[in-house]
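>>> Using only what follows, build the 3D model:
(one chain, ligands or ions: 1)
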Amino acid sequence: MLSLQTPERVSFRLPRSLSPLLFLVHVEDIFSVLPCADEMRLLSRVEGHLHYFWTCFWLPLRAHFSWSCCREFVDVSLCSCTWSHATLSSVNPLSGYTSVVDCLSKSKATAMAVMWENTYTVAAIVAALLFMMYKSLRSSHKLPPGPRPLPVVGNLTHITPVRFKCFMEWAQTYGSVLSVWMGPTLNVVVSSADAAKEMLKERDHALSSRPLTRAAARFSRNGQDLIWADYGPHYVKRFVDDKGNIDNQGVEFKEIVSQGMKLGASLKMSEHIPYLRWMFPLQEEEFAKHGARRDNLTKAIMQEHRLQSQKNGPGHHFVDALLSMQKQYDLSETTIIGLLWDMITAGMDTTAISVEWAIAELVRNPDVQVKAQQELDQVVGQDRVVTEADFSQLPYLQAVAKEALRLHPPTPLMLPHKATETVKIGGYDVPKGTVVHCNVYAISRDPTVWEEPLRFRPERFLEEDIDIKGHDYRLLPFGAGRRVCPGAQLGLNMVQLMLARLLHHFSWAPPPGVTPAAIDMTERPGVVTFMAAPLQVLATPRLRAALYKNGSSPS
Ligand code: HEM
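Have a look, this model is predicted:
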C-alpha cells in the first residue's frame, strides 16, 4: 500500500496556461493507480485544489486553453514549476502523463480535441447546468439534511474511507435520513430502524432498482443477469482434493474471484460524476480478459457436469440443477454463467468474513466461547462432528452467529437501491433517481434500540426472539423487502456450521504476547467489510485425533 503520510515536494513541469480541467484529469489519473483507501484519502486532500478548480471555472483569467496546449502538457515541454502536494510524493507523475496520452489518443481523440478547444465554455455550461439542477431539486423538494456539498464533487471529498462509519457519524449530526451528494447524484442514507422499515417495507416497491456502475454493468451484462438462490453450493470443495490441496482449476477460480473484486469495486471519482466518464474509459482490455477467463473456466466446469450426468445420471450440484433447467426455462449459456457467478460473488466473502469476525469476538470474549463449547459438548458430545441437524438444539450457537452479524454485518450499507419514483422517507422527499442506502451497521449499533449496543452479548437473542432475515428492522444483515438476500438462509446455515465446527474442534486464543483486547477490530473500506488486519489466532484441538482427518464422518 502506498504511504501518503510524509509530505514531500515534487517537482515537475506544467504549461503556463494549465487548465483546471486538465488538473482534474491528472488527479483522476492518479486515482486510477491508487488502492481504494488511499484514493479516498487523496480525495479529501485534493479538496483544496478542487476549490481552486471551481474558482477557475468562474474566473476566465487564464489564457485560452487549446488542444496544442494540452499536447504541451503531455510533452512536459514548457515552463517549469514546483508544486507541493503531499499525496503526489507516492506516485510517479510521469505514469499519469502516459495514461493521459493513451486516453487522449484513442478513438475519442477528435471529439475530445473539440471539447478541449472549448474547455471553458463547456465547463462553464456543465457547471451552470449542474448548479441549476441542484438548486431546482432543493427548491422543489424537501430533501433530507446533510453536509454541505461542494461544486462538482458534492460530498465525495468529505467521505472518509470506511463509508458506513462516516455516514453513521453524519447521522448523529443531521439525523437518520441523510443526503449525501456523490458528484451530481443525490444519495440518501437511512440509519434508523424506523426509516429502514419505511425504505424496505412501505416504499419498497419504488426503491427496489439498483444503480449500475460501469463495472457492475459489465459483470452483469447490463443488469441482465438473473438471481439464483438455491441451497447447497459445494463450489469450494469442487476444487479441493482429499488432502485439502487446491487443484489448477481452484487456483484459476481464486484468481478470477480476486481480479473480479478489484475490477468491480471501483470508487473512482468519474463513476460518480457521469459527465466526466467519457474522459476515463473503462479498462476495456482488462474487462474483456477477465470475462473470457471467467467464461472459459465456467464452460469447462459445465461441460464436465454434462459429461458426468450423461454417464451416471444427473448429479446434485447446483451446476447440475441449473443445467437440468436449461431447456425448460430457455436459459442461455450466458445466463447460466451469470447465475453461477452471482451466487459466488454474493455468497462467498460474505459468509467467510462473518465467521472471521465471529471468531475475533469469541477470542475477545472467552466466556462466550466457553459457553458455546459447553453447549456443543452437551448436545453433540466429543465423539462426532457437529452437523446442521444439530442446530435446533444449539440455541446459544445460533445466538452467537446472530450477534456477530449484528455487530459486523458483512455488507454494512447493503447494496445500493435506486428510487424509480419520488417517495417520502422520514418526512423528507427522496426524488426519483436518488440512490438510497440503508446503513445496517449504524442501525444495529443504535443505542435507542439496542441495550449496550457495542457489547458482544449473544444472550440478548435468547432473551428476545429477534428475526434476522428481514422482518425486524433493527437487525438487517441480509436486507429486507423485494431485494432481500435470497441466500439468507443458506448464508446463515453456512456461518453457523463453520462456526460450530471451528468451536467444537478447537479452542481459540490470541497469539502469544497478545491480549484479547489488543485484537485489531478495525474494518477495511469496501462494499464487503473485511477485517483491516487479517485475524491471527491460536487454535488448540479439543477433540480426538480421528475427528480431524479430512473427510472424517460427521456421525
Ligand atoms: C452471511 C452471508 C450473507 C449476507 C450477510 C448477505 C447479505 C446480503 C445483502 C445485505 C444483500 C443486499 C440486500 C439489499 O440490497 O436489499 C444481499 C443480496 C444478495 N445476496 Fe446475499 N448475503 C449473504 C450470503 C449470500 C449467499 C450465500 C448467497 C447465494 C448463494 C447470496 C446471494 C445474494 C444475491 C443473489 C443477492 C442480490 C439480490 C438482489 O439483488 O435481488 N447471499 N445479500
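
>>> What's the separation between the residue of the chain found nearest the ligand and Pro410?
With C-beta to the nearest ligand atom as the measure, the residue in the chain that lies nearest the ligand is Gly487; the distance is 2.2 Å. The C-beta positions use only the backbone N, C-alpha and C, and glycine is treated the same way. Distance check for Gly487 against Pro410: by C-beta to C-beta, to the nearest Å, it reads 12 Å.

>>> longest helix anywhere in the chain?
Of all the segments assigned as helix in the chain under DSSP state H, the longest by residue count is helix 333-364.

>>> which outside residues touch the helix or strand following it?
Where DSSP states H and E defines the elements, the next helix or strand beyond helix 333-364 is helix 366-380. Here helix 366-380 makes contact (C-beta atoms under 8 Å, 6 or more residues apart in numbering) with 361-363, 386, 390, 393-397, 400, 456-458, 500, 503-504, 507-509, 516, 542.

>>> Give me the domain ranges for this protein.
Segmentation of the chain into domains, based on automatic domain parsing, reads 2-122, 248-548.

>>> weakest of those by average pLDDT?
Mean pLDDT per stretch puts domain 2-122 lowest among the domains of the chain, at a mean of 35.

>>> so where do the strands sit in the stretch 451-555 of the chain?
Under the criterion DSSP state E, counting those that start in this stretch, the stretch 451-555 of the chain carries strands at the ranges 506-509, 538-541.

>>> can you redo those strands as TSV with mean neighbour count?
Below are the strands of the stretch 451-555 of the chain laid out as TSV (neighbours: other C-beta atoms under 10 Å):
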stretch	mean neighbour count
strand 506-509	17
strand 538-541	11
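
>>> closest one to Val180 among the ones you listed?
Judged by C-beta to C-beta, the one of the strands of the stretch 451-555 of the chain that comes nearest to Val180 is strand 506-509, at 38.5 Å.

>>> want to throw the strands of the stretch 451-555 of the chain into a markdown table with distance to Gly175?
Shown next, in a markdown table, are the strands of the stretch 451-555 of the chain (distance: least, C-beta to C-beta, whole Å):
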| stretch | distance to Gly175 |
| --- | --- |
| strand 506-509 | 40 |
| strand 538-541 | 45 |
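
>>> Adding distance to the ligand, write these out as TSV.
Converted to TSV, the strands of the stretch 451-555 of the chain look like this (distance: least, C-beta to the nearest ligand atom, whole Å):
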stretch	distance to the ligand
strand 506-509	20
strand 538-541	22
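
>>> how near is Arg384 to Tyr548?
Look at Arg384 and Tyr548: by C-beta to C-beta, they are 13 Å apart.

>>> Ile466 too?
Between Ile466 and Tyr548 the distance, using C-beta to C-beta, works out to 35 Å.

>>> More neighbours: the two, which one.
Between Ile466 and Tyr548, counted using other C-beta atoms under 10 Å, the more crowded position is Ile466 (15 against 12).

>>> Wait, the more buried one touches Asp472, no?
Yes: contact criterion C-beta atoms under 8 Å: Ile466 and Asp472 qualify, at 5.3 Å.

>>> for the residue lying closest to Gly433 once chain neighbours are set aside, what are its contacts?
Computed as C-beta to C-beta, 6 or more residues apart in numbering, the closest residue to Gly433 that is not its neighbour in sequence is Ala419, at 6.3 Å. Counting by C-beta under 8 Å, 6+ apart, Ala419 makes contact with 206-207, 209, 430-436.

>>> Now restrict those to buried residues only.
Applying 16 or more other C-beta atoms under 10 Å to the contacts of Ala419, the neighbour count classes 206-207, 209, 430, 434-436 as buried.

>>> Keep only those of the residues you listed that are in strands.
The strands, defined by DSSP state E, take in 430, 435-436 from the buried ones among the contacts of Ala419.

>>> Quick check on the residue nearest to Gly470 when sequence neighbours are not counted: phi, psi?
Beyond its immediate neighbours in the sequence, the residue positioned closest to Gly470 (C-beta to C-beta, 6+ apart) is Ala480, lying 3.4 Å away. When read as degrees, to the nearest 10, the backbone of Ala480 gives phi -160, psi 170.

>>> how much space between Ala480 and Val251?
The span separating Ala480 from Val251 equals 38 Å under the rule C-beta to C-beta.

>>> again with Ser209
In terms of C-beta to C-beta, Ser209 sits 37 Å off from Val251.

>>> Could you do Glu463 as well?
Summarising the geometry, the distance separating Glu463 from Val251, computed by C-beta to C-beta, is 47 Å.

>>> Check Val126 too.
Where Val251 is concerned, Val126 sits at a distance of 47 Å (C-beta to C-beta).

>>> same check, this time on Ala352
18 Å.

>>> Name the residues of the stretch 451-555 of the chain found near the ligand, please.
When proximity is defined as C-beta under 6 Å from any ligand atom, the stretch 451-555 of the chain approaches the ligand at 477-479, 483-487, 490-491, 495.

>>> higher neighbour count, Val126 and Val251?
Higher neighbour count among Val126 and Val251: Val126, with 17 against 11, using other C-beta under 10 Å.

>>> how about the helices in the stretch 151-300 of the chain?
163-174, 193-197, 214-219, 248-264, 269-272, 284-312 (DSSP state H, counting those that start in this stretch).

>>> Okay, angle between the longest one and helix 248-264 too, please.
Using axes from the mean of the first three to the mean of the last three C-alpha atoms, to 10 degrees, the direction of helix 284-312 lies 140 degrees away from that of helix 248-264.

>>> Dump stretch 331-349 to PDB, restricted to CA.
Only the C-alpha atoms of stretch 331-349 are listed here, as PDB (Å, rounded to 0.1, in the frame of the first residue of the first chain):
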ATOM      1  CA  LEU A 331     -31.700 -20.400 -20.200                       C
ATOM      2  CA  SER A 332     -28.800 -19.300 -22.400                       C
ATOM      3  CA  GLU A 333     -25.300 -20.400 -21.600                       C
ATOM      4  CA  THR A 334     -24.600 -16.700 -20.700                       C
ATOM      5  CA  THR A 335     -27.400 -16.600 -18.300                       C
ATOM      6  CA  ILE A 336     -26.200 -19.800 -16.500                       C
ATOM      7  CA  ILE A 337     -22.700 -18.400 -16.300                       C
ATOM      8  CA  GLY A 338     -24.200 -15.100 -14.900                       C
ATOM      9  CA  LEU A 339     -26.300 -17.000 -12.300                       C
ATOM     10  CA  LEU A 340     -23.400 -19.100 -11.100                       C
ATOM     11  CA  TRP A 341     -21.200 -16.100 -10.600                       C
ATOM     12  CA  ASP A 342     -23.900 -14.100  -9.000                       C
ATOM     13  CA  MET A 343     -24.000 -16.700  -6.400                       C
ATOM     14  CA  ILE A 344     -20.300 -16.900  -6.000                       C
ATOM     15  CA  THR A 345     -19.700 -13.200  -5.600                       C
ATOM     16  CA  ALA A 346     -22.700 -12.600  -3.400                       C
ATOM     17  CA  GLY A 347     -22.300 -15.700  -1.200                       C
ATOM     18  CA  MET A 348     -18.600 -16.400  -0.700                       C
ATOM     19  CA  ASP A 349     -16.800 -13.500   1.000                       C
END
